[in-house]
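Q: Okay, sequence plus prediction incoming.
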Amino acid sequence: MNLLHISDMHFGPRHWLGESELLLEKLNSYAADIVINTGDNTTDALESEFEAAGNFLKSINCPHIVSIPGNHDKRNMRSTDYFRQYIDDVDVLRPLNRKNCKKNNIFLLGSTNGIKDHFTDINFLKNISINGESILLVCLDANSLYDDNGFVDEEMLRTLSDAISKASYDRILLLNHYSILDTDSDPLFNSRIVVEFMRQHKIEHVFCGHTHQLSIMRSTDLYHRHTFTQYKNGSLSSSNTPNDTNMFLYYENFGTDAMVIHVVRGTVKNRSLTFKEEIIPSFPVVEN
Ligand SMILES: [Fe+2]
């Protein structure tokens, strides 16, 4: 199985000046079974930005594109409506017990005009079959409306756990906009419960973005004897890359001993793009 990982496209004022067509040509040159898009599709969650991001995603030649929102995609009261209209009309999980939800603005007033969905958290599962293997992608929304800091609602983790327990799958992967192993100035405050969630469901791989800085890390919990790898991508197409260049990742033979990770960096030159590819070979797989 080959995965293409993109993140932080930032359509809107934070989007770079490179030509989308050239970027798409490059992305489409990889034989991805699944595209993973770890959020910040937009800059300010405007409808025009969601529409541009959705059109870009539709131009990627892959039957399975799994996108999650980032903190920038939650800057609008209509974020959930727009995400489902332009990015992916996913089956949003509703809390098992809404009274237990503690996240700020997770429910908007039902009397607010013009909004279809008054529940703002976008958690969902996707089950995708690749070469006869069933892959469960757990899509966690750690973003809060109008807030750049991350927070995971414990009730939504409980809701996801319940849905996972009813699903059958061969492999399980987690998508989450924020890093849970390292941090930045806009962190996920309660990442501890996500780490516990990963242990509970024996999840060995988590994909994230947010900081615009590449890092691939592995946890080492020697007491619980559970280990996982976090793949944190840089920004695909942001004009502000204070930490790293623009990039995407391609995981060939993902999760096997033959896995090879391609780090593909793009640089804008007079609106044209040049790409440099670095290959991380023989990425060791650890069995729990
Ligand atoms: Fe972000």
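A: On my side now, so go ahead.

Q: which residue packs closest to residue 155, ignoring adjacent ones?
A: The shortest distance from residue 155 to any non-neighbouring residue, by CB to CB, 6 or more residues apart in numbering, is to residue 100 (4.0 Å). (Each C-beta comes from the backbone N, C-alpha and C, glycine too.)

Q: Could I get the contacting residues of that neighbour?
A: When contacts are counted by CB atoms under 8 Å, 6 or more residues apart in numbering, residue 100 is found next to 154-155, 158.

Q: likewise residue 182?
A: By CB under 8 Å, 6+ apart, the contact set of residue 182 is 215, 217, 232.

Q: change it to 10 Å
A: Residue 182 is in contact with 191, 208, 211, 213, 215, 217, 230, 232, counting by CB atoms under 10 Å, 6 or more residues apart in numbering.

Q: Contacts only, for the fifth one.
A: Under the criterion of CB under 10 Å, 6+ apart, the neighbours of residue 215 are 179, 181-182, 208, 230-234, 243-244.

Q: roughly how far apart are whatever residue of the stretch 101-250 of the chain ends up closest to the ion and residue 88?
A: Residue of the stretch 101-250 of the chain nearest the ion, by CB to the ion: residue 210 (3.8 Å). With distances taken as CB to CB, to the nearest Å, residue 210 is found 19 Å from residue 88.

Q: what do you get for residue 284?
A: According to CB to CB, residue 284 and residue 88 sit 33 Å apart.

Q: Name the secondary structure element that contains the residue lying farthest from the centre of the chain.
A: If you look at how far each residue of the chain sits from its centre, by CA atoms, centre = their mean, the farthest one is residue 111, at 31.2 Å. Using DSSP states H and E, residue 111 is not contained in any helix or strand.

Q: that older thread, show me which of residue 284 and residue 88 is the more surrounded one.
A: Set residue 284 next to residue 88 and count neighbours by other CB atoms under 10 Å: residue 88 wins out with 19 against 8.
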